[in-house]
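1. Below is the structure, and that's it, no one-letter string:
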């Protein structure tokens, strides 16, 4: 019970307010019981004294025989006994309206004496004023103590309950809000409408909550971005490892070929005695390696964070027509028909050398992987560029890895096609650097590469 009270501000406020109110009421009623009778007695004495001297003046003026009404009025109003004596102490008049029967020994009284002259004779008047009203008022206050105590307790209980709820309710609400803040729950608002210090505290909590919420959102956003950056970095790192692993594998084969042929020519082993033939073969292998190294260096530069595009205004229509012209001889050798749908004077702001590489790679791939007598359609309409070669088809598992370095769809043509295996990989990197959306898909007629500038 005590622990519950210590942990509840409402209970402590209620008990404190109840104690203060009961204490104040007890002190006030005690002061009333002490000072009210005294004040009442002083007032009665003053009034009785004033009435007595007024009576004496009336007796001197009118005589005691003609002032009987004044004597009776004085005795009645002041609950007093009055006696008039002659010079020989003979009682010539007396009246008594004081309640002598119910008079208690402790009842206070006031005695008054004066002399007056009537017809040359001296008379003495004695008045004894009974102050029973004072003791009666005190007795009333004593008898009212149980009733007053009950009233004090009830009023104090109700007042303490109302006050404790009024003052502690917003504090309890603020305490609950603070607990939710401690658990980083900001989905609340402190609804306290007071304009005092408690209202200022609630408003400050709302402001603090809003700022903490914004800070948490910023931290969460930054954390998510950091996670994405880390994952991206891991992915890029893995891609670099895979890339250089593939590079080492691709370079190992031509180096081994050149080494074997050179050793055969040096030691004049078998057919390698014909050095002129195998020197030319070695030269072709070196040329292929040179082209491969150039592609590797280009891919490595584009993968760096410090790579930047040399953008300029490009006439893509003219560039695309020139790229098609490069492959007309190869197309004629295989009976491939070229269909051009190129919109004239289409301009784009990009890197000339890299965009020319894109057109060369895409059209070259279409020529290399198209069957004889196929149709290659090169189109540039508005901002959509696509190359479609008929009679070709790429399986779904190959489409997934189509941009992987050194990945070849047709393994049997991997060496005879003359490609490095980096063409589409570099094409993707160039278009990504230019923020150009692109896609490779199978169509009804063949395979289509699409890019949207």
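-> Yep, it's here. Bear in mind that the values here come from a model prediction, so they are computed numbers and not experimental data.
2. where along the stretch 1-150 of the chain do the strands fall?
-> With strands called from DSSP state E, counting those that start in this stretch, the stretch 1-150 of the chain shows them at 80-85, 91-96, 109-118, 121-130.
3. so where's the chain shaky on pLDDT?
-> Low-confidence segments of the chain (pLDDT under 70): 1-10, 98-107, 186-196, 243, 246, 249-250, 304-306, 408-420.
4. and the longest helix for it?
-> In the chain, taking DSSP state H as the definition, the longest helix is helix 197-266.
5. Show me what the helix or strand following it packs onto, helices and strands only.
-> Going down the chain from helix 197-266, the next helix or strand is helix 275-303, by DSSP states H and E. Helices and strands touching helix 275-303, by 3 or more Cβ pairs under 8 Å, 6 or more residues apart in numbering; DSSP states H and E, are helix 197-266, helix 423-433. Quick note: C-beta positions are derived from backbone N, CA and C, even for glycine.
6. Next, format the ones you listed as a markdown table and append mean neighbour count and distance to residue 357.
-> Below are the helices and strands packed on helix 275-303 laid out as a markdown table (neighbours: other Cβ atoms under 10 Å; distance: least, Cβ to Cβ, whole Å):
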| stretch | mean neighbour count | distance to residue 357 |
| --- | --- | --- |
| helix 197-266 | 13 | 18 |
| helix 423-433 | 20 | 6 |
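7. does residue 348 really touch residue 453, like I thought?
-> Yes - assessed by Cβ atoms under 8 Å, residue 348 is found in contact with residue 453 at 5.1 Å.
8. neighbour count winner among the two?
-> residue 453 (21 against 18; other Cβ atoms under 10 Å).
9. Contacts only, for that one.
-> Residue 453 is in contact with 316, 348, 383-385, 436, counting by Cβ atoms under 8 Å, 6 or more residues apart in numbering.
10. What subset of these is buried?
-> Buried by 16 or more other Cβ atoms under 10 Å: 316, 348, 385, 436, out of those.
11. burial of the nearest residue to residue 443 once chain neighbours are set aside, as a residue count?
-> For residue 443, ignoring the flanking residues on the chain, the nearest one in space by Cβ to Cβ, 6 or more residues apart in numbering is residue 388 at 6.4 Å. Residue 388 sits with 20 neighbouring residues when counted by other Cβ under 10 Å.
12. now for the strand or helix carrying residue 388, which elements pack on it?
-> If you go by DSSP H and E, residue 388 is part of strand 384-390. Judged by 3+ Cβ pairs under 8 Å, 6+ apart, the packing partners of strand 384-390 are helix 352-368, strand 375-381, strand 446-452.
13. Toward the C-terminus, what is the element adjacent to it?
-> Counting by DSSP H and E, the next helix or strand C-terminal to strand 384-390 is helix 396-400.
14. Packing partners of that following helix?
-> strand 437-442.
15. Direction included, what does the strand it packs on pair against?
-> Looking at strand 437-442 with DSSP bridges, its partner strands are strand 446-452 (antiparallel).
16. returning to that earlier point: now the helices and strands packed on strand 384-390 in JSON lines, please, with extra columns for distance to residue 308.
-> Converted to JSON lines, these look like this (distance: least, Cβ to Cβ, whole Å):
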{"stretch": "helix 352-368", "distance to residue 308": "11"}
{"stretch": "strand 375-381", "distance to residue 308": "26"}
{"stretch": "strand 446-452", "distance to residue 308": "21"}
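17. Residue 269 is nearest to which of those?
-> The closest of the helices and strands packed on strand 384-390 to residue 269 is helix 352-368. By Cβ to Cβ, the value is 34.5 Å.
18. any residues touching that closest one, and which ones?
-> By Cβ under 8 Å, 6+ apart, the surrounding residues in contact with helix 352-368 are 298, 309-310, 312, 314, 316, 319-320, 323-324, 326-327, 330-331, 334, 336, 348, 376, 378, 387-389, 392, 413, 417-419, 423-424, 426-427, 430-431, 433-434, 447, 449, 451.
19. same thing but 6 Å
-> 314, 319-320, 323, 327, 330, 376, 387, 389, 417, 423, 427, 430, 449 (Cβ atoms under 6 Å, 6 or more residues apart in numbering).
20. Give me the buried entries from those residues.
-> 314, 319-320, 323, 327, 376, 387, 389, 417, 423, 427, 430, 449.
21. so how far is residue 208 from residue 216?
-> 12 Å (Cβ to Cβ, to the nearest Å).
22. same thing with residue 287?
-> On the measure of Cβ to Cβ, residue 287 and residue 208 end up 71 Å apart.
23. for residue 128, same thing?
-> 79 Å.
24. what's the answer for residue 441, then?
-> Distance from residue 441 to residue 208, by Cβ to Cβ: 54 Å.
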